[in-house]
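Visitor: Sequence and predicted structure, then a few things I'm wondering about:
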There are 2 protein chains.
Amino acid sequence: MGGETYKSMAGQKDNEVPAIRTLADLARVAGVSTGTVSRALAGKSLVNVETRERIQTLAREHGFRPNQMASKLRSRRTGVIGVVIPLGHELRQHISDPFFLTLVGYLADELTEGGYDLMLSRALPDGTSDWLDRIAGSGMVDGVIVIGQSDQYDLIEAASHSYRPLVVWGQHRAGQNHCVVGTDNAAGGRIAVEHLVASGATSLAFLGDTTGIEIADRLRGATEAATAAGVPIRHIPIPLATDAMGPEIEAAMASQCSGINGVVAASDLVAMAALRCLHQKGMRVPEDVQIVGFDDLPLAAQTSPPLTTIRQEIAAGARAMVERLRALVEKEPATSLVMAPTLVVRQSTRAEG
Amino acid sequence: MGGETYKSMAGQKDNEVPAIRTLADLARVAGVSTGTVSRALAGKSLVNVETRERIQTLAREHGFRPNQMASKLRSRRTGVIGVVIPLGHELRQHISDPFFLTLVGYLADELTEGGYDLMLSRALPDGTSDWLDRIAGSGMVDGVIVIGQSDQYDLIEAASHSYRPLVVWGQHRAGQNHCVVGTDNAAGGRIAVEHLVASGATSLAFLGDTTGIEIADRLRGATEAATAAGVPIRHIPIPLATDAMGPEIEAAMASQCSGINGVVAASDLVAMAALRCLHQKGMRVPEDVQIVGFDDLPLAAQTSPPLTTIRQEIAAGARAMVERLRALVEKEPATSLVMAPTLVVRQSTRAEG
DNA sequence: ATGAAAGCGCTAACAT
DNA sequence: ATGTTAGCGCTTTCAT
């Protein structure tokens, strides 16, 4: 690591005042009962305005915070939502997918807004099949959001029968039980291919490993559209992990991509790697090869050239997930949502026509 | 949003078996006392091996999970670490910085590994100055990690005097109290400039807003090195938010960058935007203009051309932060860590010489 | 090795 | 409007 180390005062004692730690302490100081303090701090209406303000002031002065564990235990409501990323088919056991991370960011916003806290876990499914139960049944959370089905679709589906407040980002399958929010991936694949064909591509490749069912659906849609248009398409299953991608893509490009003039990438990151690869081989984008990404992450607008891509509505998706979860927490029903992807044309493809 | 909606069964009732919900329930079924069940489930040694296994099996069969709220309340240890991102000077009130998000990913790994759960909050400092106290004093967490000091350095420093288990990612200042882990940003700026000068740059620009003290230090280091080398350097304070960056950078480039042949970017994302901009203006990188990024995010290797950048050790930093926090939780002292940045040479700069 | 009992700090009836 | 009381479900002495 080669760094330097500095002594810090952290860990040493300051002088502490005999602190107010519990409702009872505060109650004694205020000359009222714990019940009143509890109500006053919760801002309930049945407390005299004057005593309430006196107590709140007192609490502030003493820097008193009611213990949430106790509160949550008693009220049987945690105010916490668990957010889990299953790392089923990822090679590296690390949360690195920028799409997921971005979604987490938006979820954090939406949940905070709604008065919830967010407990983040990664799960390494290991066949014991209890990663979901463990978090769902811990009593620590009011509900669970799963980001990406990975290869755990069946397990999630099974869990959803006994655990209700559960919302998943991912792929919708006909007749499924669990509430899912996601993009119509097949449509996305289709749109990408149609755009490429309309702008002159005659030989296509789909770049990306299809272990995740979302990606598989993108490939399915792309293949259907290619077939319909009578254009050949080749599937090149390079892994999706950001940092493993470079060499793999180069090898694949060198050996399998001769003659290809249109690329559908499984994600913006794959597209970016392809862009770099082609650039280094002296191929011009979009003149020699056109590329369409998937996701429309903020960085898609910053590549050279800026990426034409299939947009997923991340912010809207996060909002929809939180709305649905809230409904399920309140024991109301919730419907799945499959959002339509949209084509964002930038400069990695040519004009249609 | 323009999506479709599917009915889902979620929210309807399955037939439930009269479930085992508490230790007492399990104790009754097992014909022992709650104390024994508690000990058996915790795997304590003082329980008869046979009864322990019987109870554990029983628990598994009934899908029983002890309520964590109750457990944590009683044992006065939450097993949860709060991770906060203060959004002090960010324009958009959204956690979007990919560096921070990546760091969160690594922290999730390290904390999970260490048996901790991670509670993620964003904080919108609003002058009431209690965003840190609120999470620290909530009784919900054993310790707090703050990601980025933003413009809240003083508040964090103040809080660290009364709240001990606190570790911050950011900039170290001489004599500070709070335990910080971070990169020597001035050195990073210096290294970037030295590399640019050594590879032939004669007129420099530093791209990035310096409200965050880390960025300010990068600029300071860069300026020092430029002065020492007798090379002019201009500061162009474009905002760092990913999506606001495009137009701003174009405007700045057009008006202020004539003659510049070396760019130090405040982050890889800024560098990427600059890359795109130059590309569109027909300038070649590195032939006409050389660029050095900062962070070495995984995507830095995927730009065209791949980015020469100043690497921050994110994974090692996450590990160091968790180690230090653990020490502080155990009431042991902890030292700050300032890691040395390293130059990663790729193809956005020319060979030195 | 196990049981009994006393809380952890708070909230929510139920009184008054 | 406020006080009193009974737990929330678990852990942990203290007995046995």
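Guide: Received, thanks. Numbers count the residues shown, from 1 in each chain, chains lettered A, B, ... in the order given.

Visitor: A:E113: how many residues sit nearby?
Guide: Around A:E113 sit 12 other residues, with neighbours defined as other CB atoms under 10 Å in any protein chain shown. Every residue, glycine included, has its C-beta placed from N, CA and C.

Visitor: Now do A:S258 against chain B, distance only.
Guide: Counting by CB to the nearest CB, to the nearest Å, the gap between A:S258 and chain B amounts to 21 Å.

Visitor: so what's that residue scoring on pLDDT?
Guide: Reading off the per-residue confidence, A:S258 sits at a pLDDT of 81.

Visitor: Could you look up the SS state of it?
Guide: coil (DSSP: H, G, I helix; E, B strand; the rest coil).

Visitor: Provide the backbone phi and psi angles at it.
Guide: In terms of degrees, to the nearest 10, the main-chain angles of A:S258 are phi -60, psi 130.

Visitor: To what extent is it buried, counted in neighbours?
Guide: Taking other CB under 10 Å as the criterion, the count of residues near A:S258 is 8.

Visitor: go on, A:R54?
Guide: Residues lying near A:R54 (other CB under 10 Å) number 15.

Visitor: how about it, what does it touch?
Guide: A:A30 (CB atoms under 8 Å, 6 or more residues apart in numbering or on different chains).

Visitor: Give me the distance between it and DNA strand C.
Guide: Distance, A:R54 to DNA strand C, using CB to the nearest atom of the strand, to the nearest Å: 17 Å.

Visitor: which residues of the stretch 201-350 of chain A fall in strands?
Guide: In the stretch 201-350 of chain A, strands defined by DSSP state E, counting those that start in this stretch lie at A:204-207, A:233-236, A:262-265, A:290-295, A:308-311, A:336-339, A:342-344, listed in chain order.

Visitor: Kindly compare burial across those strands and name the winner.
Guide: strand A:262-265 (a mean of 30; mean count of other CB atoms under 10 Å in any protein chain shown).

Visitor: now stretch A:176-184, how far from the chain's geometric center?
Guide: 14 Å (CA atoms, centre = their mean, to the nearest Å).

Visitor: Also stretch A:56-75?
Guide: Per CA atoms, centre = their mean, the displacement of stretch A:56-75 from the mean C-alpha position of its chain is 32 Å.

Visitor: Let me see the domain layout of chain A.
Guide: Following automatic domain parsing, chain A resolves into domains at A:6-75, A:80-183+A:314-339, A:185-312.

Visitor: Least reliable of the ones you listed by average pLDDT, please.
Guide: domain A:6-75 (a mean of 85).

Visitor: That one and DNA strand D in contact?
Guide: Yes. Using CB under 7 Å from any atom of the strand, domain A:6-75 comes into contact with DNA strand D via A:31-36, A:39, A:46-48, A:51-52, A:70, A:73-74.

Visitor: ok, A:T210 to A:I236 distance?
Guide: 11 Å (CB to CB, to the nearest Å).

Visitor: Next: A:E332.
Guide: In this structure, A:E332 and A:I236 are separated by 45 Å, where distance is defined by CB to CB.

Visitor: Repeat that for A:G170.
Guide: A:G170 sits 23 Å away from A:I236, going by CB to CB.

Visitor: Just give me the neighbour total for the closest residue to A:R284 other than its chain neighbours.
Guide: Closest residue to A:R284 apart from its sequence neighbours, by CB to CB, 6 or more residues apart in numbering or on different chains: A:L278 at 7.8 Å. Residue crowding around A:L278 was assessed by other CB under 10 Å; the count is 22.

Visitor: A:L278 contacts A:E250, doesn't it?
Guide: No. In this structure A:L278 lies outside contact range of A:E250 using CB atoms under 8 Å: 10.3 Å.

Visitor: For DNA strand C, what's its nearest residue on the stretch 101-250 of chain A.
Guide: Distances from the stretch 101-250 of chain A to DNA strand C, computed as CB to the nearest atom of the strand, single out A:G139 as the nearest residue at 13.1 Å.

Visitor: Closest residue of the stretch 101-250 of chain A to DNA strand D?
Guide: For the stretch 101-250 of chain A, CB to the nearest atom of the strand, closest residue to DNA strand D: A:G139, 7.1 Å.

Visitor: That residue belongs to a helix?
Guide: No. Counting by three-state DSSP, A:G139 falls outside a helix, being coil.

Visitor: isn't it right up against B:N67?
Guide: Yes. A:G139 sits in contact with B:N67 when judged by CB under 8 Å, with a separation of 3.7 Å.

Visitor: DNA strand C contacts on chain A?
Guide: Contacts of chain A with DNA strand C, taken as CB under 7 Å from any atom of the strand, map to A:21-24, A:34-35, A:38, A:41-42, A:66-67, A:70-71, A:73-75.

Visitor: cutoff 6 Å now
Guide: By the rule CB under 6 Å from any atom of the strand, the part of chain A lying against DNA strand C is A:21-23, A:34-35, A:38, A:42, A:66-67, A:70-71, A:73-75.

Visitor: picking that back up, so which of the strands of the stretch 201-350 of chain A comes closest to chain B?
Guide: strand A:336-339 (3.6 Å; CB to the nearest CB).

Visitor: Partner strands of that closest one, with direction?
Guide: Each strand paired with strand A:336-339, and its direction, by DSSP bridges: strand A:179-183 (parallel), strand B:4-6 (antiparallel).

Visitor: Would you mind identifying the next helix or strand past the first one?
Guide: Following strand A:179-183 in sequence order, the next helix or strand is helix A:185-198 (DSSP states H and E).

Visitor: Is there a neighbour count for the residue nearest to A:A351 when sequence neighbours are not counted? I'd like the number.
Guide: Of all residues beyond its chain neighbours, the one nearest A:A351 is A:S199 (6.3 Å), with distances taken as CB to CB, 6+ apart. A:S199 has 18 neighbouring residues, counting by other CB under 10 Å.

Visitor: and A:S199, what does it touch?
Guide: A:P286, A:Q290, A:T349, A:R350, A:A351, A:E352, A:G353.

Visitor: List only buried entries from the residues you listed.
Guide: The neighbour-count test (16 or more other CB atoms under 10 Å in any protein chain shown) applied to the contacts of A:S199 identifies A:P286, A:Q290, A:T349, A:R350 as buried.

Visitor: Return the member of those residues nearest to DNA strand C.
Guide: Ranked by distance to DNA strand C (CB to the nearest atom of the strand), the buried ones among the contacts of A:S199 are led by A:T349 at 56.9 Å.

Visitor: Tell me the residues of the stretch 51-200 of chain A that contact DNA strand D?
Guide: Counting by CB under 6 Å from any atom of the strand, the residues of the stretch 51-200 of chain A close to DNA strand D are A:T51, A:L73, A:R74.

Visitor: helix/strand/coil for the first one?
Guide: Under three-state DSSP, the three-state class of A:T51 is helix.

Visitor: For it, give its distance to A:T34.
Guide: Taking CB to CB as the measure, A:T51 falls 14 Å from A:T34.

Visitor: ok, now A:I215?
Guide: In this view, A:I215 and A:T34 are 56 Å apart by CB to CB.

Visitor: The two: which is more packed in?
Guide: Taking A:I215 and A:T34 together and counting by other CB under 10 Å, A:I215 has the greater number of neighbours (22 against 14).
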